[in-house]
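Trainee: Fold the following, please.
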Amino acid sequence: MSSTTQTTGTATTAVAPQQSSPSENYLNCSKGFLSWFFTLDHKRIGIMYLCAIFVSFALGGFFALALRTELFFPGMDFPAIGSRSPEAVYNQMFTLHGAIMVFLVIIPSIPAALGNFVLPIMLGQVDVAFPRLNLFSFHLYVIGAIFFVATLLGGGLDTGWTFYTPYSTSTDTMVITAVMGAFILGFSSIFTGINFMVTIHKMRPPGMGFFNMPLFLWGMYATAVIQVLATPVLGITLLMLAIERSVGLGIFDPALGGDPVLFQHFFWFYSHPAVYIMILPGMAVISEIISVFSRKHIFGYKFIAISSIAIALFGFFVWGHHMFTSGQSTAMSTIFSAITFSVAVPSAIKMFNWMTTMYKGEIVLKAPMVWALGFMWLFGIGGLTGLFLGTMNTDVYYHDTYFVVAHFHYVMVGGTLWAFFGGIYYWWPKITGKMYDEKPAIIGSLVALLGFNVLFFPQFFLGNMGMPRRYADYLPEFTLWHQVSTIGAYILLVGLVIVAWNLLKSLTSGRKAPANPWGGNTLEWHTSSPPPHYNFENSIPTADDPYDLDRWAWDPETQSYVHVPLTEADLAARAAHPAH
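Mentor: Next comes the predicted model:
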């Protein structure tokens, strides 16, 4: 159902359909499984994505914890399962951990869950451009997840999450089932990207140009560009792999006249841009949090916005740095190395602008801000250690060692998942209508941060010592750092359990959330918590500078921020000095 618009003498506002009752919201407007599973409401679809991602995260995390436990001592501790040796069990757990975390958790986490919920409300709309396509995207996600469950139950997968040939064309594990799951998940990602691009292009409210949009929308738009342009390459590659296994057509298998390095080119042409599908949404969340909890207008708005597009575009030209040891020419490796270093520039622009935003700001250390600061710390380590892997001479030494494992997790987990949890805490009052307990929220974040660093930082030392990744066993001289790393995994688990307990507890015992608990000025904070079915109860406010936080003042009586109307002097000053 579309909204109508009304024009007054001073502003144009959109008017949402009137709700039947102020107490009715998107959570209670209808009940039953079918009302959720076949809903067209973007908010409910976002919640279903969030629940599915959490379940996948728990499964992938279980495999990770099992792997780290096995590595506490040298030697093999896993039991043989049926005809599978302990080493084979380890390989299959390792593969499913990576595949689940990448395809079912990290890639869809922020765009599919938080993006689906927040993006249309930020635009002052009742839904995305194509609600049915949005629902179909979620159903494809569920179908893809079912294929991965079938892989788990039907004999496992041991190729690694990259499905590298020629091993993936010769192993007797469930390659085709897993490949088809990833293929289907790719379509879910593409359709979500198309939906977001069209929604942002065609459904911005009056007064919201591209350089008036919240930076979260810029991040979603840049991510959507990568989803639409890069994901089809992965889909075609995986389809060719399935065809080769099925009919013996020589595409990648050298025994059939194929080229396994061609698979690497195709795979990384998608998978390195996919790194930015994972990290750009996280950066978008951090931009919102840093400004709001510094009580200060975001510094360098246009630079942060354009750097999102720059990262998306540069990401398509750096896949070759994964292949310095694959036999490509020195000239090509030099070019890929130079472009890789250039990607650091737009990422650094964001980091420095966030720090400048905080400079002399009134920093409020609520849970979202604590997660955001953790993100900056972890992503900084991940980005700086990436320079060693973008340099040819050091990459040849560190390639396929635990140094790569540590770098990858600092960027993907320390980056994306830290921003994801920061975003969950930031929008949790809006999503659920409940306030969580602040103290355990901060404790959980700090324990998780400690555990993450104890888990992954020693792996830089392991890589420097020459410990290869993906190995189920190791020499005794690597024992100490493996044991420290495993202890860190359990500390991280404790932190995440505190986080989960606190959020779930708030659903039953949390106090009612006000409409704007943080004082943000993006449009989702102009509606009730949780929002009505059509997002806005009465009229949608006119699009304004999303980072003009002076429009909100703290009200101690209601324990929330209240809107401060503009005075005539304010209006005159804005006319003389527009924000953008």
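Trainee: In space, what's closest to Thr237 - neighbours in sequence excluded?
Mentor: With CB to CB, 6 or more residues apart in numbering as the criterion, Thr237 has its nearest non-adjacent residue at 4.0 Å, and that residue is Phe266. The C-beta positions use only the backbone N, C-alpha and C, and glycine is treated the same way.
Trainee: my read is the one you found is in a helix, agree?
Mentor: Yes: secondary structure of Phe266 (DSSP: H, G, I helix; E, B strand; the rest coil): part of a helix.
Trainee: can you pull the contacts of it?
Mentor: Neighbour list for Phe266: 233-234, 236-237 [criterion: CB atoms under 8 Å, 6 or more residues apart in numbering].
Trainee: what about it, distance to Gly258?
Mentor: Taking CB to CB, to the nearest Å as the measure, Phe266 falls 12 Å from Gly258.
Trainee: Quick check: buried residues in stretch 254-268?
Mentor: Of all the residues in stretch 254-268, those buried under the rule 16 or more other CB atoms under 10 Å are 258, 260, 263-268.
Trainee: Sorry, wrong one. I was asking about stretch 345-356.
Mentor: Quick answer for stretch 345-356 (16+ other CB under 10 Å): 346-347, 349-351, 353-354, 356.
Trainee: got it, and stretch 526-538?
Mentor: Those buried within stretch 526-538 under the rule 16+ other CB under 10 Å are 526-537.
Trainee: phi, psi of the nearest residue to Tyr167 once chain neighbours are set aside?
Mentor: Nearest-residue entry for Tyr167: Thr159, 5.7 Å, with adjacent residues in sequence omitted and distances by CB to CB, 6+ apart. As for Thr159, its main-chain torsions (degrees, to the nearest 10) stand at phi -90, psi -10.
Trainee: Quick check, Thr159 in contact with Thr169.
Mentor: No: the pair Thr159 / Thr169 is not scored as a contact, 9.4 Å apart, by CB atoms under 8 Å.
Trainee: rewinding a little: let's have the buried residues of stretch 254-268 in a markdown table, adding distance to Pro458.
Mentor: Shown next, in a markdown table, are those (distance: CB to CB, whole Å):
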| residue | distance to Pro458 |
| --- | --- |
| Gly258 | 39 |
| Pro260 | 33 |
| Phe263 | 32 |
| Gln264 | 29 |
| His265 | 33 |
| Phe266 | 34 |
| Phe267 | 29 |
| Trp268 | 27 |
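Trainee: Turn the residues you listed into JSON lines, including distance to His321 and pLDDT.
Mentor: Shown next, in JSON lines, are the buried residues of stretch 254-268 (distance: CB to CB, whole Å; pLDDT from 0 to 100):
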{"residue": "Gly258", "distance to His321": "24", "pLDDT": "91"}
{"residue": "Pro260", "distance to His321": "19", "pLDDT": "93"}
{"residue": "Phe263", "distance to His321": "17", "pLDDT": "95"}
{"residue": "Gln264", "distance to His321": "12", "pLDDT": "94"}
{"residue": "His265", "distance to His321": "12", "pLDDT": "94"}
{"residue": "Phe266", "distance to His321": "16", "pLDDT": "94"}
{"residue": "Phe267", "distance to His321": "14", "pLDDT": "94"}
{"residue": "Trp268", "distance to His321": "9", "pLDDT": "94"}
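Trainee: Quickly check those residues for the two that are furthest apart.
Mentor: Within those, Gly258 and Trp268 form the most distant pair, 17.3 Å apart (CB to CB).
Trainee: Which other helices and strands does the helix or strand harbouring Gly463 contact?
Mentor: Gly463 is part of helix 438-465 when elements are defined by DSSP states H and E. Packed against helix 438-465, as judged by 3 or more CB pairs under 8 Å, 6 or more residues apart in numbering; DSSP states H and E, are the following elements: helix 367-390, helix 402-411, helix 418-432, helix 479-509.
Trainee: how about the strands in the protein?
Mentor: Here the chain has its strands, by DSSP state E, at 4-7, 12-15, 539-540, 552-555, 560-563.
Trainee: list the buried ones in the last one?
Mentor: Pointing back at strand 560-563 there. Judged by neighbour count using 16+ other CB under 10 Å, the buried positions of strand 560-563 are 560-561.
Trainee: Given it, what are its sheet partners and their directions?
Mentor: Partners of strand 560-563 in the sheet, by DSSP bridges, are strand 552-555 (antiparallel).
Trainee: Now do the strand it pairs with, average pLDDT.
Mentor: Taken as a whole, strand 552-555 carries a mean pLDDT of 85.
Trainee: which residues touch that strand?
Mentor: By CB under 8 Å, 6+ apart, the residues outside strand 552-555 that reach it are 516, 519-521, 560-564.
Trainee: in terms of contact, does Gly98 touch Trp161 like I think?
Mentor: Yes: when contacts are counted by CB under 8 Å, Gly98 is listed as touching Trp161 (3.2 Å).
Trainee: So for Leu71, what's the nearest residue that isn't a sequence neighbour?
Mentor: With CB to CB, 6+ apart as the criterion, Leu71 has its nearest non-adjacent residue at 5.0 Å, and that residue is His482.
Trainee: can you check Gly257 too?
Mentor: Leaving aside its chain neighbours, Gly257 sits nearest to Gly250 (3.9 Å; criterion: CB to CB, 6+ apart).
Trainee: my guess is that neighbour meets Gly258, correct?
Mentor: Yes: using CB under 8 Å, Gly250 is in contact with Gly258, at 4.3 Å.
Trainee: residues bridging contact with these two, i.e. touching both?
Mentor: Common contact partners of Gly250 and Gly258 (CB under 8 Å, 6+ apart): Glu244.
Trainee: and Gln264, how far is that from Phe375?
Mentor: Using CB to CB, one obtains 30 Å as the distance from Gln264 to Phe375.
Trainee: Sorry, slip of the keys, the one I care about is Leu262.
Mentor: Leu262 is 36 Å from Phe375, by CB to CB.
Trainee: go on, Ser333?
Mentor: Using CB to CB, Ser333 is found at 31 Å from Phe375.
Trainee: do Phe138 as well
Mentor: For Phe138, the distance to Phe375 - CB to CB - is 27 Å.
Trainee: Which one of the two is surrounded by more residues?
Mentor: Between Phe138 and Phe375, counted using other CB atoms under 10 Å, the more crowded position is Phe375 (28 against 23).
Trainee: List the residues that contact the closest residue to the more buried one other than its chain neighbours.
Mentor: Excluding its sequence neighbours, the residue lying closest to Phe375 (CB to CB, 6+ apart) is Trp418, at 4.1 Å. For Trp418, the contacting residues are 282, 371-372, 374-375, 378-379, by CB under 8 Å, 6+ apart.
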